[in-house]
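Visitor: take this sequence and fold it.
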Amino acid sequence: MITEKDNKKIKELTEAVLALKTRNEAKRFFRDLLTEKELIEFGNRWKAAKMLAKNIKYTEIEKETGLSSTTVARVSKWLNNGKNGYKLILKRMNSHQHKSFPLKRKV
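Guide: Have a look, this model is predicted:
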């Protein structure tokens with residue numbers, strides 16, 4: 001159960017993340033904040049979310065990421081029934097990629 005004290009810490013962490021301005025700043029901040037193992041774990045969960053959004057099978061996700069079936073199921077649960085954080089960022093990144101790399105038109 002998250003306490004009021006925990007909520008304050010989470011808010012402060014969120015504010016710190018929002019203060020990051022560049023990919024390099026984010027990389028440095030998260031490397032100082034998290035252990036290498038935690039970074040890899042979070043990276044694998046993010047990869048699982050992207051793969052789940054593409055309807056890739058759990059077994060392939062487990063093989064590709066090294067995550068347990070339980071963790072893949074948890075990521076799927078939050079992707080489909082969470083606070084829509086994964087979906088928001090997946091949509092935003094997909095939209096950003098299309099803007100960054102416009103398709104060339106045939107003349």
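Visitor: C-alpha coordinates for the lowest-mean-pLDDT helix or strand in the chain, CSV please?
Guide: None of the helices or strands of the chain scores lower by mean pLDDT, DSSP states H and E than helix 85-100, at a mean of 85. Extracted in CSV, the C-alpha atoms of helix 85-100 (Å, rounded to 0.1, in the frame of the first residue of the first chain):
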residue,chain,number,x,y,z
GLY,A,85,1.0,4.9,-19.4
TYR,A,86,2.5,2.3,-21.8
LYS,A,87,-0.1,3.1,-24.5
LEU,A,88,0.5,6.8,-24.2
ILE,A,89,4.2,6.6,-24.7
LEU,A,90,3.9,3.9,-27.4
LYS,A,91,1.6,6.2,-29.3
ARG,A,92,3.7,9.2,-28.8
MET,A,93,6.9,7.5,-29.8
ASN,A,94,5.2,6.0,-32.9
SER,A,95,3.9,9.4,-33.9
HIS,A,96,7.4,10.9,-33.2
GLN,A,97,9.1,8.3,-35.5
HIS,A,98,6.8,9.1,-38.3
LYS,A,99,7.5,12.8,-38.0
SER,A,100,11.2,12.2,-37.7
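Visitor: which helices and strands sit right next to that helix?
Guide: On a contact count with 3 or more Cβ pairs under 8 Å, 6 or more residues apart in numbering; DSSP states H and E, helix 85-100 meets helix 36-53, helix 69-81. All C-beta atoms are positioned from the backbone trio N, CA, C, and that covers glycine.
Visitor: between the ones you listed, which one is nearest to residue 4?
Guide: helix 69-81 (23.4 Å; Cβ to Cβ).
Visitor: what's the distance between the residue nearest to the spatial centre of the chain and residue 20?
Guide: Nearest residue to the geometric centre of the chain (Cα atoms, centre = their mean): residue 46, 3.8 Å. For residue 46, the distance to residue 20 equals 16 Å [Cβ to Cβ, to the nearest Å].
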